[in-house]
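K.L.:
Got a sequence here, can you build the structure:
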Amino acid sequence: MNIKRMPVGYLMTNCYLVWDEESGEAMIIDPGAEAGKLLRAIENTGCKLKYVLLTHGHYDHTGAADEISRKTGAPVYIHPADVNTDSADRGAQLFYTPEPDTAIKSLAEGDELSLGGHVIKVLNTTGHSKGSCVFLMGGEMFSGDTLFAGSCGRTDFTGGDSHEMMMSLKRLHDLPGNFNVYPGHEGTSTLENERRSNYFMMGF
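P.N.:
Modelled structure (predicted):
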């Protein structure tokens, strides 16, 4: 299994390209911008894109999702709570508004997807937004804007909730074993390191 981190857009959102050479399958997580760059990276793997996965619906994580889906045929997976269904609601405008021809599939707590012989488990980790999700795949954790190296996501946007964020962080803290943590912004970490040194996890 191969993982490539590609910061994109002016907020330098981490987009992750994950591919399995044995099966020839790939997925991309949080393609927030720079679709051309990301499409070239997908092509360079020699694998077929199977999923466009969104950890949540904020624009800096979703900006290139429609174009990538349209040009590769891979559907976009997102929790429905983070899809904008009311263009008149200013708060909702922060969230993903898919183009009419984009193939959308819903994510939910407990879902499992496959990539080659690997299983991707979906956790709905509310706090940053109602539809925030963390993806677990073997020893890898794609934590979106729920867990950062040394910090956690903001809770002052529409749909954010500080109490729910702490409950989601406790849930991640209590997972058995260790994980490599691939967050939505800045550098990577490990779950064990976050348990020991992340202020928002140290009290659990």
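K.L.:
Give me the pLDDT for the residue most central in space within the chain.
P.N.:
For the chain, the residue nearest the mean C-alpha position is residue 55 (2.7 Å; C-alpha atoms, centre = their mean). At residue 55, the pLDDT value in this model is 98.
K.L.:
again, but for the one 10 residues further on
P.N.:
Residue 65 is assigned 98 on the pLDDT scale.
K.L.:
burial count for the residue nearest to residue 20 when sequence neighbours are not counted?
P.N.:
Using C-beta to C-beta, 6 or more residues apart in numbering and skipping the chain neighbours, the partner closest in space to residue 20 is residue 116 (3.4 Å). Yep, even glycine has a C-beta here, placed from its N, CA and C like the rest. Residue 116 has 16 neighbours, counted by other C-beta atoms under 10 Å.
K.L.:
now the one 5 residues further on
P.N.:
Residue neighbour count, defined by other C-beta under 10 Å, stands at 15 for residue 121.
K.L.:
what do you get for residue 141?
P.N.:
27.
K.L.:
in a strand, that's where it is, yeah?
P.N.:
Yes. Assessed by DSSP: H, G, I helix; E, B strand; the rest coil, residue 141 belongs to a strand.
K.L.:
ok, back up a step: pretty sure the residue nearest to residue 20 sits against residue 22.
P.N.:
Yes. With contacts counted by C-beta atoms under 8 Å, residue 116 reaches residue 22, the gap being 5.8 Å.
K.L.:
Got phi/psi on the residue nearest to residue 20?
P.N.:
Backbone dihedrals for residue 116, given as degrees, to the nearest 10, come out at phi 60, psi -130.
K.L.:
who's in contact with it?
P.N.:
By C-beta atoms under 8 Å, 6 or more residues apart in numbering, the contact set of residue 116 is 1, 20, 22, 23, 25.
K.L.:
I'd say the fourth one and residue 48 touch.
P.N.:
Think residue 23. No. With contact defined as C-beta under 8 Å, residue 23 does not count as touching residue 48 (9.2 Å).
K.L.:
re the thing from before, how near is the residue nearest to residue 20 to residue 32?
P.N.:
With distances taken as C-beta to C-beta, to the nearest Å, residue 116 is found 25 Å from residue 32.
K.L.:
Can you pull the poorly scored residue ranges out of the chain?
P.N.:
Applying pLDDT under 70 to the chain picks out residues 86-92.
K.L.:
which residue ranges form the helices in it?
P.N.:
For the chain, helices defined by DSSP state H occupy the ranges 35-45, 59-62, 65-72, 162-173, 191-197.
K.L.:
Neighbours of residue 72, how many?
P.N.:
18.
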